[in-house]
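Participant: quick one, structure for this:
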Amino acid sequence: MASNPADKLPQPPPAGSPVVPVAVSACRAAAMFDLSLRTWRRLDSAGDCPTGQRLGGRKLWLVSVLEAWANAGFPDRRTFEKGGAR
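Facilitator: Down below sits the predicted model:
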C-alpha cells in the first residue's frame with residue numbers, strides 16, 4: 001500500500017494551543033521591550049537595534065535575534081552583528 005504524501009506534511013497545532021511567533025512587526029518588537037513604536041523606529045533608523053528582515057511589504061524582526069540582542073546587553077547594530085556586547 002502506498003503512503004499518502006499528505007501524511008508527511010506538518011500538522012497545525014491543536015485548537016486552543018498558543019502560537020508562538022517566529023518573527024514580529026515593529027509594533028510587537030517595541031512591545032517586547034516596553035517601548036513605544038516611535039522609539040523602536042528611532043532605534044532602528046539610528047542603527048541601535050538588530051536589522052529587520054523584509055517579507056512582502058512588511059519589516060519583521062526574528063524573535064530569536066531580539067532575545068539574543070537583549071541577552072547581549074542591547075549593543076548597537078554594528079557591535080551586535082559582529083558578535084560583541086557592550
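Participant: need the pLDDT of M1.
Facilitator: With respect to pLDDT, M1 has a value of 54.
Participant: helix/strand/coil for the nearest residue to D76 once chain neighbours are set aside?
Facilitator: Spatial nearest neighbour of D76, excluding adjacent residues (CB to CB, 6 or more residues apart in numbering): D48 at 5.2 Å. No exception for glycine: its C-beta is placed from N, CA and C like everyone else's. Following DSSP: H, G, I helix; E, B strand; the rest coil, the label given to D48 is coil.
Participant: all helices for the chain, in order.
Facilitator: Taking DSSP state H as the criterion, the chain contains helices spanning 26-32, 37-46, 63-71, 77-81.
Participant: of those helices, which stretch is the most buried?
Facilitator: helix 26-32 (a mean of 17; mean count of other CB atoms under 10 Å).
Participant: now do the strand ranked longest in the chain against helix 63-71, angle only.
Facilitator: Ranked by residue count under DSSP state E, the longest strand found in the chain is strand 58-62. Relative orientation of strand 58-62 and helix 63-71, computed by axes from the mean of the first three to the mean of the last three CA atoms, to 10 degrees: 60 degrees.
Participant: list the buried residues in strand 58-62.
Facilitator: Residues of strand 58-62 classed as buried under the neighbour-count rule (16 or more other CB atoms under 10 Å) are 59-62.
Participant: now do the contacts for the nearest residue to L55 once chain neighbours are set aside.
Facilitator: Closest residue to L55 apart from its sequence neighbours, by CB to CB, 6+ apart: A23 at 7.3 Å. Residues near A23 by CB atoms under 8 Å, 6 or more residues apart in numbering: 53, 55, 60-63.
Participant: repeat the analysis, applying 10 Å as the threshold.
Facilitator: Remark: with contacts taken as CB atoms under 10 Å, 6 or more residues apart in numbering, A23 is in contact with 29, 52-53, 55, 58-66.
Participant: turn the helices of the chain into TSV, columns for distance to P12 and mean pLDDT.
Facilitator: Below are those laid out as TSV (distance: least, CB to CB, whole Å; pLDDT from 0 to 100):
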stretch	distance to P12	mean pLDDT
helix 26-32	22	97
helix 37-46	31	98
helix 63-71	20	97
helix 77-81	34	94
